[in-house]
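K.L.:
Could you look at this predicted model? Sequence included:
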Amino acid sequence: MRTAQLSTVLHSRKLLVVLCAVVALAVAGTTLGYASLSKSVTLTLDGKSSEVSALGGTVEEVLAAEGVEVGEHDVVAPALDSSVDDGTAITVAFARPLDLTVDGESSKHWVTATDVDGALSQIGRRFSGADLSTSRSTSIRRDGLELAVVTPKTVKVAVGGKKAKKVEVPALTVADALEEMDVKYDDDDKVSPKPGKKIESGDRITVTKVKVERKKVAGERIAFGTVRRNDGSMTAGRTKVVKPGKPGKRAVTYELRYENGTLKSRKVVSSDVVRAPVKQVVKVGTKKAPAPAPVKANYASGNSVWDALAKCESGGNWATNTGNGYYGGLQFNPNTWRSVGGTGLPHQHSREEQIKRGKILQARAGWGQWPHCTSKLGLR
């Protein structure tokens, strides 16, 4: 009985040893098989490299094994279906959305650059001299970046009445341009176009400096009015002051408005009468004047050259008034008559007075003052 039991135990131990040997060989075979499928790969993601041991026969399989998801805009080299060997280098540049707004106009771009400067280079828009909402060295994360760009514009700017200057400024609106130029203005000043208006190259911006101030005048004169009363006892055209007027006085405050240093308007803000004006009273005649006596013809004559000249000019009538603007025997016009000292009108005076004035004119200007008749009489 003991001999049989001992034989069974020995048999079990041999079986266990054989089984362990088989398991060890199986494990060793699996390890060798795994080692033969694994490859050493240099994986670079957005410029950061690492050495990895990965299973897979293609780039796509290696990336999947490493948990790297690739989108439609991402750039992978070699291509996803390329085979992978030991030492293969795989590069992945992840695409980022760039929401770009240029002078108010928006567009969307996909870029693999990791900073603003590189992204602008990729889309071929450097925007030299432009104003960017963030620095060119700013990193762009995987979820993207919103970038606003204001391009430079060449505009003419005139401030305070001075000569306009041509400047180049990165500005979207009039207000932006003035801020770039450090031009200060307040609510009273006039800006044209309006500060919020978008600008383009070639535009002109004008800033009119407006100053509003108040001025008090303590004793300003108030002019008096006039009351006119008809008086039938006085001849029409005559007037008579029967009560003199007196000016008043007031304390007044003005609002003065200056544009570029020049006074443009003055407005009364408040006014207090200190002394009221007294109106002047004037009598105005309404009585019809008697008709003037008709001027009688005056054919007084003599044997002088002046009598001969008068006969040629006016038929010898020293009192003639033909209505043509010339009067008397020598046909003076009123302006010439007064220039030689005459009063009233020539035809209202005697032959002697008219000859006296004629001699003064002849001595001053010659016989040419009566060109036709003096030529006819042989005086010139």
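P.N.:
Thanks, I have it.
K.L.:
Tell me how far the helix or strand hosting R214 lies from the chain's centre.
P.N.:
Take DSSP states H and E as the rule and R214 turns out to sit in strand 210-222. Offset of strand 210-222 from its chain centre (CA atoms, centre = their mean, to the nearest Å): 31 Å.
K.L.:
helices and strands around the next helix or strand after that strand, which ones?
P.N.:
Later in the chain than strand 210-222, the nearest helix or strand by DSSP H and E is strand 226-235. Judged by 3 or more CB pairs under 8 Å, 6 or more residues apart in numbering; DSSP states H and E, strand 226-235 is in contact with strand 239-243, strand 280-287. Where you see a C-beta, it was placed from the backbone N, CA and C, and this is true even at glycine.
K.L.:
what sits up against the strand holding R214?
P.N.:
The contact list for strand 210-222 (CB atoms under 8 Å, 6 or more residues apart in numbering) reads 188-190, 247-259, 261, 269, 273-277.
K.L.:
next one: stretch 144-151
P.N.:
96-103, 116, 119, 127, 129-134, 138, 170-172, 176.
K.L.:
What strands line up against the strand holding R214, and which way round?
P.N.:
On the basis of DSSP bridges, the sheet neighbours of strand 210-222 come out as strand 248-259 (antiparallel).
K.L.:
tell me which residues of the partner strand are tucked away?
P.N.:
For strand 248-259, burial by neighbour count (16 or more other CB atoms under 10 Å) applies to 248, 250, 252, 254, 257, 259.
K.L.:
Specify which member of those is nearest to G47.
P.N.:
E259 (60.5 Å; CB to CB).
K.L.:
where in the stretch 151-300 of the chain is pLDDT low?
P.N.:
291-295 (pLDDT under 70).
K.L.:
and the helix or strand that contains A175, how far from the chain's centre?
P.N.:
Assigned by DSSP H and E, A175 belongs to helix 174-180. Distance of helix 174-180 from the chain centroid (CA atoms, centre = their mean) equals 11 Å.
K.L.:
Buried residues, it. List them.
P.N.:
Going by 16+ other CB under 10 Å, helix 174-180 has these buried residues: 174-178, 180.
K.L.:
Reformat the helices and strands packed on strand 226-235 as TSV; add distance to V150.
P.N.:
Converted to TSV, those look like this (distance: least, CB to CB, whole Å):
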stretch	distance to V150
strand 239-243	74
strand 280-287	69
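K.L.:
May I see these organised as CSV, with mean neighbour count and distance to G329 added?
P.N.:
Formatted as CSV, the helices and strands packed on strand 226-235 follow (neighbours: other CB atoms under 10 Å; distance: least, CB to CB, whole Å):
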stretch, mean neighbour count, distance to G329
strand 239-243, 12, 37
strand 280-287, 16, 36
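K.L.:
related to what we said a few turns ago, now the buried members of the contacts of stretch 144-151.
P.N.:
Using 16+ other CB under 10 Å, the buried members of those are 96-98, 100, 102-103, 116, 119, 127, 131-132, 170-172, 176.
K.L.:
Give me the subset of those lying in strands.
P.N.:
Under the assignment DSSP state E, the buried ones among the contacts of stretch 144-151 contribute 96-98, 100, 102, 131-132, 170 to strands.
K.L.:
Nearest to G341 among those residues?
P.N.:
Using CB to CB, these come closest to G341 at P170, 80.0 Å.
K.L.:
what are the bridge partners for that closest one, then?
P.N.:
Beta-bridge partners of P170, as defined by DSSP bridges: P152.
K.L.:
I'd say it and S128 touch.
P.N.:
No. Assessed by CB atoms under 8 Å, P170 is found out of contact with S128, at 10.4 Å.
K.L.:
ok, back up a step: which other helices and strands contact the helix holding A175?
P.N.:
strand 152-159, strand 165-170, strand 204-208.
K.L.:
out of those strands, nearest to W110?
P.N.:
Per CB to CB, nearest to W110 of those: strand 165-170, 26.2 Å.
K.L.:
and V284, what does it touch?
P.N.:
Contacts of V284 by CB under 8 Å, 6+ apart are 228-231, 234, 238-239.
K.L.:
hmm, back to that, can you say which of the helices and strands packed on strand 226-235 is nearest to G87?
P.N.:
strand 280-287 (118.1 Å).
K.L.:
which element follows that closest one toward the C-terminus?
P.N.:
helix 305-314.
K.L.:
Could you tell me the model confidence score at T101?
P.N.:
For T101, the model assigns a pLDDT of 94.
K.L.:
Restrict the contacts of V284 to the buried ones and give me that as a ChimeraX selection.
P.N.:
Of these, the buried ones go into a single ChimeraX selection, burial set by 16+ other CB under 10 Å:
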select :231
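K.L.:
Let me have the contacts of V284 in JSON lines, adding distance to T42 as columns.
P.N.:
Formatted as JSON lines, the contacts of V284 follow (distance: CB to CB, whole Å):
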{"residue": "R228", "distance to T42": "113"}
{"residue": "R229", "distance to T42": "118"}
{"residue": "N230", "distance to T42": "119"}
{"residue": "D231", "distance to T42": "123"}
{"residue": "M234", "distance to T42": "124"}
{"residue": "R238", "distance to T42": "122"}
{"residue": "T239", "distance to T42": "117"}
